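Colleague: need a 3D model of the sequence below.
(4 chains)
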Protein chains: 2
Amino acid sequence: MYATGEEETVADAEYVNIWMRPERPARGPKPVYSRAQITEAAIRIADAEGLEAATMRRIAAEIGAGAMSLYRYVPSRDNLVELMADRLMGEIDVTGLPSGDWRADLTRYADGLRAMWLRHPWIATVQRSLPSFGPNQLLLIERLMGVLDVFVSIDENLGLMAMLNGYIEGTVREEISSAEEFRRSGLSEPEWMARSYPYIDGLVKSGKYPIFTKIVMEARQPHLSRDDQFRYGLQRVLDCIAAALPATARDN
Amino acid sequence: MYATGEEETVADAEYVNIWMRPERPARGPKPVYSRAQITEAAIRIADAEGLEAATMRRIAAEIGAGAMSLYRYVPSRDNLVELMADRLMGEIDVTGLPSGDWRADLTRYADGLRAMWLRHPWIATVQRSLPSFGPNQLLLIERLMGVLDVFVSIDENLGLMAMLNGYIEGTVREEISSAEEFRRSGLSEPEWMARSYPYIDGLVKSGKYPIFTKIVMEARQPHLSRDDQFRYGLQRVLDCIAAALPATARDN
DNA sequence: CTCCACTGGGTACGTTGTACGCGGTTGCGG
DNA sequence: CCGCAACCGCGTACAACGTACCCAGTGGAG
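Modeller: As a prediction, the model looks like this:
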């Protein structure tokens, strides 16, 4: 980002993504570290202190290396983040999919994806995780899209998965951002509520926002567990998917 | 982020969000600039060159001010981004909502939201836009949630809107990130395809990824216009919403 | 008029990603 | 077995970032 390097060697430009660039060369001394080790360390830091805390110097310190050593393994920090994102995809357990029960399969996937995001909230700040096609993501695509592959065309499958993933990511993003709100402000939830009260109260009292007032005063959903909110919405999405399947597949 | 300022004045800490902090003080000389003007300039830069290009110095230069002058109007860059996000909410035209035709209303909203995101792709990199409650966002909530308010409980309404927004944002995020891919690499689409070919081809030829292969070889959707893809999926989501409404409301 | 809360803005600091180059190590070609 | 090119880890250096701090000027309240 800071670099102005217009000139790039042809060899470097050849690789349009990280996965095309070989990790290990043939000759020379044995590397002390590895991409996997660096990625792991970076994830550990990001989990504990956020993605922005995972600076190159900090990661290097974590594994006991010098700052610039990391560039022997990874071309740039952006690429490292890409490696991290793909590593996370591997955490979603999709062994045994498709099992024959599409509804159970998609529920397991949804729960797994959500749990992974909640374990690593910083993933929400990473864009461009989709068109990267790392090994773990590829495996996930195989398993997940295999679930509906026998019922619908590949195009329809893509559309339905977009809807499912959209719901999951959208919901979890909201969970994460409200949790982030507390962390950033350094306030506890009741303390934050107390601080926000004058603003919220002013809006309510103004009388100009009846629906917002209704949300504040009447809604029980914000008081339900996040898990229940998620499950409820997920059932709706699965119902929608069911409607798109041929009648014979719909029941289980 | 770089500042270590543990000590903060009590007055500053009082304001838990930007909207509670007054823009103009009572006394002293008339300010030359304004929050609105700064926000506008920042959006202009972010649109043209991405959010990361909208640095404090660059924004200040855009309006002809010194770098530090901006801090007279905005406490931090993060807060400025919050202002920018809310300004964008104001671009979604929801006048006349609810009109009585919920399906038309939600379609208009969905198209408006998507168009706004595509005009300002950097919004995808901003988290925490939801719990901020800026003036434009509040107005949007009123209009949008008013559409289904007469049919369903406020809780159900929140759930359905989460699903709708999740679909829209998820879809548009994918559009944006693939466009970003080209911009970042500085390659045209066919050029990028050509560069990626060895990698994709290797995956296909390995025979280990039948579904991925199917996507590459058979899927027509990637060749459809993005608009059509979006419309198709949106109809599915609206069908799903229809199923959650009381029978009397379902038809129009 | 005086006062001082406010203005715009210059300077400076700490932190970031990473280009560059050094001296040491390794494994292959002869 | 030897030489050397290719690779290693890493120290230094630089440009750009957000922003703390400070200062001289300004204009409404007393």
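Colleague: what about the nearest residue to A:Ser69 once chain neighbours are set aside, helix or strand, and which?
Modeller: Nearest non-adjacent residue to A:Ser69, counting by C-beta to C-beta, 6 or more residues apart in numbering or on different chains: A:Ala60, 6.2 Å away. Just so you know, the C-beta spots here come from the backbone N, C-alpha and C atoms, and that holds for glycine as well. Using DSSP states H and E, A:Ala60 sits in helix A:56-62.
Colleague: quick one: list the elements packing against that helix.
Modeller: Packed against helix A:56-62 by the contact rule (3 or more C-beta pairs under 8 Å, 6 or more residues apart in numbering or on different chains; DSSP states H and E) you find helix A:35-49.
Colleague: flag every buried residue along the helix it packs on.
Modeller: For helix A:35-49, a neighbour-count test (16 or more other C-beta atoms under 10 Å in any protein chain shown) marks A:35, A:38-43, A:45-46 as buried.
Colleague: from A:Ile18, how far off is the residue nearest to A:Ser69?
Modeller: To A:Ile18, A:Ala60 is 19 Å away according to C-beta to C-beta, to the nearest Å.
Colleague: next: A:Arg231.
Modeller: With C-beta to C-beta as the criterion, A:Arg231 and A:Ile18 are 36 Å apart.
Colleague: how about the CA coordinates for stretch A:158-174, as PDB?
Modeller: Taking Å, rounded to 0.1, in the frame of the first residue of the first chain, the C-alpha atoms of stretch A:158-174 are listed here in PDB:
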ATOM      1  CA  LEU A 158     -25.100 -21.200  -6.900                       C
ATOM      2  CA  GLY A 159     -28.100 -18.900  -6.400                       C
ATOM      3  CA  LEU A 160     -29.400 -20.800  -3.400                       C
ATOM      4  CA  MET A 161     -25.900 -20.900  -1.800                       C
ATOM      5  CA  ALA A 162     -25.600 -17.200  -2.300                       C
ATOM      6  CA  MET A 163     -28.800 -16.700  -0.400                       C
ATOM      7  CA  LEU A 164     -27.800 -19.100   2.400                       C
ATOM      8  CA  ASN A 165     -24.300 -17.600   2.800                       C
ATOM      9  CA  GLY A 166     -25.800 -14.100   2.600                       C
ATOM     10  CA  TYR A 167     -28.100 -14.800   5.500                       C
ATOM     11  CA  ILE A 168     -25.400 -16.400   7.600                       C
ATOM     12  CA  GLU A 169     -22.700 -13.700   7.000                       C
ATOM     13  CA  GLY A 170     -25.200 -10.900   7.400                       C
ATOM     14  CA  THR A 171     -26.400 -12.100  10.700                       C
ATOM     15  CA  VAL A 172     -23.000 -12.900  12.100                       C
ATOM     16  CA  ARG A 173     -21.600  -9.600  10.900                       C
ATOM     17  CA  GLU A 174     -24.200  -7.900  13.000                       C
END
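Colleague: check the offset of it from the chain's centre.
Modeller: Mean-position distance between stretch A:158-174 and its chain equals 11 Å (C-alpha atoms, centre = their mean, to the nearest Å).
Colleague: in that stretch, what counts as buried?
Modeller: A:158-174.
Colleague: please apply the same query to stretch A:62-72.
Modeller: In stretch A:62-72, the ones that count as buried by 16+ other C-beta under 10 Å are A:62-63, A:65, A:69-70.
Colleague: coming back round to it: what about A:Arg231 and A:Ile18, which has more around it?
Modeller: Neighbour count, other C-beta atoms under 10 Å in any protein chain shown: between A:Arg231 and A:Ile18, A:Ile18 has more, with 20 against 14.
Colleague: touching, the more buried one and A:Leu83? I think so.
Modeller: Yes - when contacts are counted by C-beta atoms under 8 Å, A:Ile18 is listed as touching A:Leu83 (6.3 Å).
Colleague: any low-confidence regions in the stretch 1-150 of chain A?
Modeller: Residue ranges of the stretch 1-150 of chain A with pLDDT under 70: A:1-16, A:24-26, A:28, A:128-131.
Colleague: I'd like to know how far the spatially closest residue to A:Pro75 that is not a sequence neighbour sits from chain B.
Modeller: Among residues not flanking A:Pro75 along the chain, A:Arg21 sits closest, at 6.8 Å (C-beta to C-beta, 6+ apart). Per C-beta to the nearest C-beta, to the nearest Å, A:Arg21 is found 10 Å from chain B.
Colleague: and A:Arg21, how many neighbours?
Modeller: Counted with other C-beta under 10 Å, residues neighbouring A:Arg21 total 14.
Colleague: cool, A:Ala53 as well?
Modeller: A:Ala53 has 15 neighbours, counted by other C-beta under 10 Å.
Colleague: now for it: which residues touch it?
Modeller: Going by C-beta atoms under 8 Å, 6 or more residues apart in numbering or on different chains, A:Ala53 touches A:45-46.
Colleague: how close does it get to B:Lys208?
Modeller: Taken as C-beta to C-beta, the span from A:Ala53 to B:Lys208 is 36 Å.
Colleague: what's the answer for A:Lys205, then?
Modeller: In terms of C-beta to C-beta, A:Lys205 sits 62 Å off from B:Lys208.
Colleague: kindly report the same for A:Gln37.
Modeller: A:Gln37 is 26 Å from B:Lys208, by C-beta to C-beta.
Colleague: contacts only, for the nearest residue to A:Trp102 once chain neighbours are set aside.
Modeller: Leaving aside its sequence neighbours, A:Trp102 sits nearest to A:Val147 (C-beta to C-beta, 6+ apart; 5.2 Å). With contact taken as C-beta under 8 Å, 6+ apart, A:Val147 is in contact with A:97-98, A:102, A:105-106, A:109.
Colleague: 10 Å - rerun?
Modeller: With contact set as C-beta atoms under 10 Å, 6 or more residues apart in numbering or on different chains, A:Val147 has these partners: A:94, A:97-106, A:108-109, A:157, A:160-161.
Colleague: check whether stretch A:179-196 comes near DNA strand D.
Modeller: No - Stretch A:179-196 does not reach DNA strand D (C-beta under 7 Å from any atom of the strand); its nearest approach is 11.7 Å.
Colleague: chain center to that stretch, what's the gap?
Modeller: With C-alpha atoms, centre = their mean, you get 24 Å for stretch A:179-196.
Colleague: what residue is smack in the middle of chain A?
Modeller: With distances taken as C-alpha atoms, centre = their mean, the residue of chain A nearest its centroid is A:Ile123 (4.3 Å).
Colleague: I'd say that one and A:Arg114 touch.
Modeller: No - assessed by C-beta atoms under 10 Å, A:Ile123 is found out of contact with A:Arg114, at 11.4 Å.
Colleague: what sits in contact with each of those two?
Modeller: Shared contacts of A:Ile123 and A:Arg114 (C-beta under 10 Å, 6+ apart): A:169, A:172.
Colleague: how close does the closest residue in space to A:Ala244 that isn't next to it in sequence sit to DNA strand C?
Modeller: The shortest distance from A:Ala244 to any non-neighbouring residue, by C-beta to C-beta, 6+ apart, is to A:Leu160 (6.1 Å). Applying C-beta to the nearest atom of the strand, to the nearest Å, the value for A:Leu160 to DNA strand C is 37 Å.
Colleague: now name the helix or strand holding A:Leu160.
Modeller: helix A:154-185.
Colleague: average model confidence for the next helix or strand after that helix?
Modeller: Using DSSP H and E, the helix or strand that follows helix A:154-185 in sequence is helix A:189-206. What helix A:189-206 shows for mean pLDDT is 84.
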